[in-house]
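1. Whatever this is, show me its structure:
(chains A, B, C and D)
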Protein chains: 2
Amino acid sequence: MAVHGPAMTDVARLAGVSHQTVSRVLNGHPNVREQTRLRVRAAIAELGYRPNGAARALVTGRSQVIGVVAQNTTLYGPASLLAALEQTAAAEGFAVSVGSVRDLDHRSISAAVERHLAHRVAGIVVIAPVESAGEALERLPKDVPLVTVDGDPHRPVPLVTVDQVAGARAVTQHLLDAGHRTVWHVSGPSDWFDSAGRIEGWRAALLAAGVEPPPLMHGDWSAASGYRCGQMLARMPEVTAIFTANDHLALGVLRALHEFGRKVPTEISVVGFDDVPEAAYFIPPLTTVRPDFDAVARASLQMLLTQIESGNGNGGGALRQTIAPTLVARDSVAPPRR
Amino acid sequence: MAVHGPAMTDVARLAGVSHQTVSRVLNGHPNVREQTRLRVRAAIAELGYRPNGAARALVTGRSQVIGVVAQNTTLYGPASLLAALEQTAAAEGFAVSVGSVRDLDHRSISAAVERHLAHRVAGIVVIAPVESAGEALERLPKDVPLVTVDGDPHRPVPLVTVDQVAGARAVTQHLLDAGHRTVWHVSGPSDWFDSAGRIEGWRAALLAAGVEPPPLMHGDWSAASGYRCGQMLARMPEVTAIFTANDHLALGVLRALHEFGRKVPTEISVVGFDDVPEAAYFIPPLTTVRPDFDAVARASLQMLLTQIESGNGNGGGALRQTIAPTLVARDSVAPPRR
DNA sequence: GTGCCCTATGTGAGCGCTAACACTACCCGA
DNA sequence: TCGGGTAGTGTTAGCGCTCACATAGGGCAC
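-> Numbering: from 1, shown residues only, chains lettered A, B, ... in the order given. Here you go, the predicted model:
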């Protein structure tokens, strides 16, 4: 790189000190005279010296890189999380290496993790929203700093997760409070924990209100599947409130309802989950639930850094943190018509 | 990592060869007896050995990592590109390290590039859609393998870009072909090349048809800004066709038109750009232009690998590749009412 | 048989850095 | 005066790998 930029010894020579002193300056070691420190800094600036991360990683055994394993970073949720993670990591001086996988089965996950391990990453964040991921994670060496996001709450692996249940319960309750007798739910793929949590919260809110949950409709996060479910719901006159597991499903539902001439929110109320930036511009503006991706990123990274600094790895850890999402009320909810 | 996994010498000892032979097997060097190769492979498997990327990077001067600099990986375009890049790179045995920046001014870009350089990345992809990025890139050392995506066509830096002009021209022509006298345009932020290209294509198509382009409306990619522009356009009876610079702007425009009771497509036709997955479920389904992100990723990576292998860096290069997008016709376009 | 090349393998050095320890002043209290 | 701390700095030894070269054993032409 840069042909072969200056090394620490070059800086040392220019500053008239030993390379070790340069190292000390670079690493903020206390016992360096102020004058020496300045001389070294000047030499660094003059030569345009950049420390060689590879050499450092070699000797310390870990690089200033955090590996992230995710499935589909094109989806809004994972993309936001990844971006937040990257920002947070950068603030701590860490780079982020992405290892996306096509499937979240344990082979793919293991392979991605191994790739990161080969680069001697300092720690790994796995965005592991599905059942099949869990197995791979438990098998991982216990001395690797590891955090899972939106993973299995029942696995003994450090976990940060959005409180899907609370979010779903809140939004369902919001519909009940508006006067609806019951709320229908279009869920995400059944193997995602996000889906499971949202189903659980929805069901809990209904049961708490003494309402038997209506049949569940299964979607796959896409607007297309929301549209298909919406076509069925639109034909059922008794449906007055629909909670979809994400905003894109809601978009599909809205369109189906529109096609069938069912007015939202006067005839039917619809709510989503995620608060994608466009949700405020759906027709009508969508009431939804906003997960705090920054908070998730901060919590994950902090949990990871703790492990890295302690040097204990994930310790089969019981670490767990839950981030509460917030309800964003817009115009897609109204009381049912009498 | 993994406490300190086995090193090459451990493998060598177990296989009864020298570490160098292990290295040869790992790097696919030809002059190794088949039998030896198998023995080494067996030892690698038995020990669960993983080559240490840091050590390799130290001695070769570059790691098997490609650095990507991008601004907002939450937006659909950059996120898709990043994902595609990661997939493509993984297939070539490269990891991808993301360095997102808050602003695309030359300070931020330089800083992000420097961070990547410190890790001795093999090459850098800069998703540099704005004017201010160009300067930083030209100043970069010429021996760093570098590719820019959607950058400045007039800078002497290797570039892969979606053919914004062709896409915009096609979609504008599509509206003219449907019988519209003219086409209004809601653009993206004025400092993005993507915006500039789309404006240019729109204008070119109109001029070719002998039509004086109507005043330009400036948006910022968001549905919110599309909505604001849409509110103005909705009040203008002479408007029958609108081309928005991306699908989210289109969403905002659609909602504004809806609020003003202007029917799409019967009264006004609307087209977007990007083909986000939900575009097919807008009301009505949106006619748009689909850039081929996979093709862009493949082209960029290939261009980068060529530089890496030649060892010549970007050579101030005149390399240039343009990827044609495709028009996706849906229901948001109809002939104007007589 | 001699010389040569070609294949398969080993040896040694060193990439740029940090960790551990060694060393030199110098200041302090006894 | 001397022992013993405590800054501030230098010295040395690798981290795990690849590169360049050295070496050993055939095969083949003459």
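2. For residue A:128, which residues are in contact?
-> Listed by C-beta atoms under 8 Å, 6 or more residues apart in numbering or on different chains, the contact partners of residue A:128 are A:69, A:104, A:109, A:134, A:137, A:148-152. (Each C-beta comes from the backbone N, C-alpha and C, glycine too.)
3. Just send these back as CSV, with neighbour count and pLDDT too.
-> What follows is those, written out as CSV (neighbours: other C-beta atoms under 10 Å in any protein chain shown; pLDDT from 0 to 100):
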residue, neighbour count, pLDDT
A:69, 29, 94
A:104, 24, 76
A:109, 26, 86
A:134, 22, 80
A:137, 25, 83
A:148, 26, 93
A:149, 27, 94
A:150, 25, 91
A:151, 23, 89
A:152, 22, 87
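4. Looking at those, which is nearest chain B?
-> Of all the contacts of residue A:128, residue A:69 has the smallest distance to chain B: 11.2 Å, by C-beta to the nearest C-beta.
5. The strand or helix carrying that closest one to strand B:65-70, inter-axis angle?
-> When elements are assigned from DSSP states H and E, residue A:69 belongs to strand A:65-70. In terms of direction (axes from the mean of the first three to the mean of the last three C-alpha atoms, to 10 degrees), strand A:65-70 departs from strand B:65-70 by 80 degrees.
6. of the contacts of residue A:128, closest to residue B:90?
-> When the contacts of residue A:128 are compared for distance to residue B:90 (C-beta to C-beta), residue A:69 wins out at 11.7 Å.
7. for chain A, what spans make up the helices?
-> Secondary structure of chain A (DSSP state H): helices at A:8-15, A:19-26, A:34-47, A:53-60, A:76-91, A:106-118, A:131-139, A:164-177, A:193-208, A:223-234, A:247-259, A:293-310.
8. among the ones you listed, which is nearest residue B:29?
-> Each of these was checked against residue B:29 via C-beta to C-beta, and the shortest separation belongs to helix A:106-118, namely 19.2 Å.
9. Now do the buried residues in that closest one.
-> Taking 16 or more other C-beta atoms under 10 Å in any protein chain shown as the basis for neighbour counts, the residues of helix A:106-118 that come out buried are A:106, A:108-110, A:112-113, A:115-118.
10. Same list, those residues, but as JSON lines with distance to DNA strand C please.
-> Converted to JSON lines, these look like this (distance: C-beta to the nearest atom of the strand, whole Å):
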{"residue": "A:106", "distance to DNA strand C": "34"}
{"residue": "A:108", "distance to DNA strand C": "33"}
{"residue": "A:109", "distance to DNA strand C": "31"}
{"residue": "A:110", "distance to DNA strand C": "29"}
{"residue": "A:112", "distance to DNA strand C": "27"}
{"residue": "A:113", "distance to DNA strand C": "25"}
{"residue": "A:115", "distance to DNA strand C": "22"}
{"residue": "A:116", "distance to DNA strand C": "21"}
{"residue": "A:117", "distance to DNA strand C": "19"}
{"residue": "A:118", "distance to DNA strand C": "17"}
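11. Residue in chain A with the shortest distance to DNA strand C?
-> The shortest separation between chain A and DNA strand C is 2.6 Å, found at residue A:8 (distances taken as C-beta to the nearest atom of the strand).
12. From chain B, how far out is that residue?
-> In this structure, residue A:8 and chain B are 13 Å apart, going by C-beta to the nearest C-beta, to the nearest Å.
13. partner strands of the strand holding residue A:69, parallel or antiparallel?
-> Note on strand A:65-70: by DSSP bridges, its sheet partners are strand A:95-100 (parallel), strand A:123-127 (parallel).
14. So for residue A:133, what's the nearest residue that isn't a sequence neighbour?
-> The shortest distance from residue A:133 to any non-neighbouring residue, by C-beta to C-beta, 6 or more residues apart in numbering or on different chains, is to residue A:104 (4.7 Å).
15. measure the residue nearest in space to the middle of chain A to residue B:108 for me?
-> By C-alpha atoms, centre = their mean, chain A has its centre lying nearest to residue A:81, at 3.8 Å. Remark: distance between residue A:81 and residue B:108 (C-beta to C-beta, to the nearest Å) = 22 Å.
16. Identify the residues contacting the nearest residue to residue A:105 once chain neighbours are set aside.
-> Spatially, and ignoring its direct neighbours in sequence, residue A:105 is nearest to residue A:132 (4.8 Å; C-beta to C-beta, 6+ apart). With contacts defined as C-beta under 8 Å, 6+ apart, residue A:132 is in contact with A:103-106, A:191.
17. what residues are up against residue A:330?
-> Contacts of residue A:330 (C-beta under 8 Å, 6+ apart): A:279-280, A:284-288.
18. Same check on residue A:230?
-> When contacts are taken as C-beta under 8 Å, 6+ apart, residue A:230 is in contact with A:186, A:242, A:252-257.
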